[in-house]
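> sequence isn't available, so here's the structure alone:
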């Protein structure tokens, strides 16, 4: 698999075309992400903003995260499917939810972040690179 990638929400009102490869694919165990993922981590692919074309109406909610950055979460206002997040610290990236991307995409997490906030029952793959909090910024996507 590889670029281009596509995505769509559960009702089909929001779609995406992604023209490049992700800079990172990771799980986030922070408390805010676990709220939007029903208790589990979010699993996300970070793409260069210029590579992501979203069609359809999005609804947004924003908050200041534990990192101190403002995070904006976007979702379909019709069906509620989480679509992506973006950080004030990294405007060059859009972080798309793997569940929003059309299968088969072949993407899998290589890193688990904010593991210090994971619940006691969390099972984190020991093969993943792990960060207890905010990781360093990924390099630009190739």
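Yep, that arrived. Please read all numbers here as calculations on a predicted model, not as lab measurements.

> which stretches of this structure form strands?
5-8, 15-18, 24-28, 42-48, 52-55, 59-64, 70-75, 82-87, 93-97, 111-113, 129-130 (DSSP state E).

> number of nearby residues for the nearest residue to residue 87 once chain neighbours are set aside?
Counting by Cβ to Cβ, 6 or more residues apart in numbering, the nearest residue to residue 87 once its immediate chain neighbours are dropped is residue 69, at 4.8 Å. In short, each C-beta sits where N, CA and C put it, glycine included. The burial count assigned to residue 69 is 14, neighbours taken as other Cβ atoms under 10 Å.

> and residue 69, what pLDDT?
Turning to residue 69, the model gives it a pLDDT of 87.

> roughly how far apart are residue 129 and residue 20?
Distance of residue 129 to residue 20, computed by Cβ to Cβ, to the nearest Å: 22 Å.

> the two: which is more packed in?
Between residue 129 and residue 20, counted using other Cβ under 10 Å, the more crowded position is residue 20 (17 against 12).

> right, and that one touches residue 3 too?
Yes - using Cβ atoms under 8 Å, residue 20 is in contact with residue 3, at 5.4 Å.

> joint contacts of these two?
Taking Cβ atoms under 8 Å, 6 or more residues apart in numbering as the criterion, residue 20 and residue 3 both touch residue 51.

> follow-up on the earlier one: can I get the strands of the chain in JSON lines with distance to residue 136?
Formatted as JSON lines, the strands of the chain follow (distance: least, Cβ to Cβ, whole Å):
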{"stretch": "strand 5-8", "distance to residue 136": "24"}
{"stretch": "strand 15-18", "distance to residue 136": "23"}
{"stretch": "strand 24-28", "distance to residue 136": "10"}
{"stretch": "strand 42-48", "distance to residue 136": "13"}
{"stretch": "strand 52-55", "distance to residue 136": "22"}
{"stretch": "strand 59-64", "distance to residue 136": "20"}
{"stretch": "strand 70-75", "distance to residue 136": "17"}
{"stretch": "strand 82-87", "distance to residue 136": "13"}
{"stretch": "strand 93-97", "distance to residue 136": "13"}
{"stretch": "strand 111-113", "distance to residue 136": "10"}
{"stretch": "strand 129-130", "distance to residue 136": "11"}
